[in-house]
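> Sequence first, predicted coordinates after that:
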Amino acid sequence: MKEKLKQIKENALSELKNKKLDIEDIRIKYLGKKGELTKILRGMKELPKEERPVIGKLANEVRSTLENAIEEASKKIKSNDTQAKLENETIDITMPGVKQTIGKRHPLEQTLEEMKHIFISMGFTIEEGPEVEKDYYNFEALNIPKNHPARGEQDTFYINDNVVLRTQTSPIQIRTMEKQKPPIKMISPGKVYRSDSVDATHSPIFYQMEGLVVDKGITFANLKGTLELFAKKLFGNDIHTKFRPHHFPFTEPSAEMDATCFVCNGKGCRVCKGEGWIELLGCGMVHPQVLRNCGIDPEVYSGFAFGMGVDRMVMLKYGIDDIRNMYESDMRFLNQF
């Protein structure tokens with residue numbers, strides 16, 4: 001796979017030098033959702049676990065190199081086009097100019113991509129699943145049977161008694177454990193749906209990222225180390241974390257991870273309500289019954305899982321106090337990022 005990544009890099013750089021080829025076509029060919037590099041990343045789950053961090057790091061380096069090369073090539077073409085126009089066109093400087101509005105990546109997309117790259121560099125693969133989900137995968141397989149109190153907390157959109165709009169990306173973990181044998185190391189980012197009234201901190205549609213690791217000898221120490229490294233990479237090395245006991249039906253033991261407030265550095269302010277800490281995510285060791293539901297022997301394997309709201313990470317990272325700003329397409333807000 002190293003040779004394939006090297007070949008992709010060489011081919012892309014070679015094509016960028018070909019003036020007859022369109023740069024956007026090259027970008028889509030290698031970096032698009034179905035691009036050559038993306039296929040490599042999706043195929044990482046087939047690699048031995050010890051090779052995944054190495055290949056993930058190399059893939060990120062190739063991505064960075066190609067993104068920079070594409071950007072430089074675009075700038076060069078624009079510069080050449082501008083120079084050609086200046087030489088061939090007469091400009092009437094008395095006419096008013098027309099301001100061109102240039103789009104950019106949404107802060108949600110920026111943060112989601114950064115989170116993906118962090119976990120890919122740690123050897124995680126990305127898994128996907130349906131947004132219209134069966135009740136079994138959304139609840140029952142996760143140790144949440146019918147009439148369980150936890151169902152009432154999620155305000156679910158039911159299509160019928162057996163089909164729902166997923167309230168979390170946890171069903172992807174179940175589907176992955178059903179079709180893959182351990183070791184498993186994956187994340188599942190995507191949209192989820194809950195029947196919440198819209199306010200400053202709630203939305204009926206939002207983004208979530210969950211993760212799962214299953215292997216022999218996995219302990220809570222592995223969970224803590226992984227999530228602490230993630231927090232430092234996303235928010236900076238000065239951040240500190242702590243874990244509080246909690247309860248989730250699908251993990252035992254369960255915890256919530258807090259981080260020092262980014263505004264006051266743990267001293268206490270209105271953002272953290274004077275506590276100096278801000279809740280980041282929920283996590284825990286995968287419940288033995290969940291492993292059994294997926295055909296995995298809990299006497300042989302153990303694992304940990306975690307879940308976080310991507311919208312919440314964006315709000316914490318950039319100091320946004322109203323989730324509605326991210327969905328109202330107000331350019332005055334979006335132009336800040």
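That came through, no problem.

> care to break this protein down by domain?
2-88, 109-334 (automatic domain parsing).

> Make CSV out of these and add distance to V98 and mean pLDDT.
All C-beta atoms are positioned from the backbone trio N, CA, C, and that covers glycine. Output for the domains of the chain, formatted as CSV (distance: least, Cβ to Cβ, whole Å; pLDDT from 0 to 100):
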stretch, distance to V98, mean pLDDT
domain 2-88, 15, 79
domain 109-334, 17, 89
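
> ok, and which of the ones you listed has the densest surroundings?
Comparing the domains of the chain by mean neighbour count (mean count of other Cβ atoms under 10 Å), domain 109-334 ranks first with a mean of 17.

> now do the same end-to-end measure for that one.
In domain 109-334, first residue to last residue: 12 Å (Cα to Cα, to the nearest Å).

> Any idea how far that domain is from the middle of the chain?
Relative to the chain's own centre, domain 109-334 is displaced by 10 Å; criterion: Cα atoms, centre = their mean, to the nearest Å.

> helix/strand/coil for M285?
strand (DSSP: H, G, I helix; E, B strand; the rest coil).

> residue boundaries of the strands in the stretch 1-150 of the chain?
Assigned by DSSP state E, counting those that start in this stretch, the strands in the stretch 1-150 of the chain fall at 125-126, 132-134.

> So which of those is nearest K104?
strand 125-126 (23.6 Å; Cβ to Cβ).

> Just list what the closest one packs against, helices and strands only.
In terms of contacts (3 or more Cβ pairs under 8 Å, 6 or more residues apart in numbering; DSSP states H and E), strand 125-126 is packed against helix 36-42, strand 184-193.

> contacting residues around stretch 110-129?
With Cβ atoms under 8 Å, 6 or more residues apart in numbering as the test, stretch 110-129 has contacts from 41-42, 44-45, 49, 52-53, 56-57, 59-60, 105, 137, 166, 169, 171-172, 175-176, 185-190, 207, 209, 211, 226, 229-230, 233-234, 310, 313-314, 317, 337.

> Going along the chain, name the helices of the stretch 201-337 of the chain.
Here the stretch 201-337 of the chain has its helices, by DSSP state H, counting those that start in this stretch, at 220-235, 288-293, 310-318, 331-334.

> mind checking which of those is nearest A259?
Comparing these against A259 with Cβ to Cβ, the closest turns out to be helix 220-235 (5.6 Å).

> Mind giving me the packing neighbours of that closest one?
helix 107-121, strand 205-215, strand 241-248, strand 251-260, strand 277-286, strand 302-309, helix 310-318.

> N18 is nearest to which of those?
N18 lies closest, by Cβ to Cβ, to one member of the helices and strands packed on helix 220-235: helix 107-121, at 28.0 Å.

> Can you give the distance of the closest one from its chain's centre?
Its chain's C-alpha centre and that of helix 107-121 lie 5 Å apart, by Cα atoms, centre = their mean.

> got the angle for it vs strand 302-309?
Going by axes from the mean of the first three to the mean of the last three Cα atoms, to 10 degrees, helix 107-121 is angled at 160 degrees with respect to strand 302-309.

> Let me know the angle separating helix 107-121 from strand 205-215.
Per the same axes, to 10 degrees, the angle that helix 107-121 makes with strand 205-215 is 10 degrees.

> what angle do helix 107-121 and helix 220-235 make?
Interaxial angle of helix 107-121 relative to helix 220-235 (the same axes, to 10 degrees): 140 degrees.

> out of the helices of the stretch 201-337 of the chain, nearest to L21?
helix 331-334 (31.8 Å).

> List the neighbours of that closest one that are in contact with it.
Here helix 331-334 makes contact (Cβ under 8 Å, 6+ apart) with T101, K104, H106, P107, N325.

> and the closest residue to the third one other than its chain neighbours, how far is that from M315?
The spatially closest residue to H106, leaving aside those adjacent along the chain, is L334, at 6.8 Å (Cβ to Cβ, 6 or more residues apart in numbering). The span separating L334 from M315 equals 15 Å under the rule Cβ to Cβ, to the nearest Å.

> same check, this time on I159
Applying Cβ to Cβ to I159 and M315 gives a distance of 30 Å.

> now do L234
In terms of Cβ to Cβ, L234 sits 13 Å off from M315.

> And L280, by the same measure?
Separation of L280 from M315 (Cβ to Cβ) stands at 11 Å.

> ok so, going back, okay, the helices and strands packed on helix 220-235 in JSON lines with distance to E89 next?
Compiled in JSON lines, those are given as follows (distance: least, Cβ to Cβ, whole Å):
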{"stretch": "helix 107-121", "distance to E89": "37"}
{"stretch": "strand 205-215", "distance to E89": "46"}
{"stretch": "strand 241-248", "distance to E89": "58"}
{"stretch": "strand 251-260", "distance to E89": "55"}
{"stretch": "strand 277-286", "distance to E89": "55"}
{"stretch": "strand 302-309", "distance to E89": "51"}
{"stretch": "helix 310-318", "distance to E89": "41"}
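
> looking at the ones you listed, which is closest to V132?
Going by Cβ to Cβ, the one of the helices and strands packed on helix 220-235 nearest V132 is strand 205-215, 13.4 Å.

> Now Y318: closest residue in space, sequence neighbours ignored.
Nearest in space to Y318, with sequence neighbours left out and distances taken as Cβ to Cβ, 6+ apart, is P107 at 6.2 Å.

> actually F306, not the one I typed
Distance criterion Cβ to Cβ, 6+ apart; nearest residue to F306, sequence neighbours excluded, is C283 at 3.8 Å.
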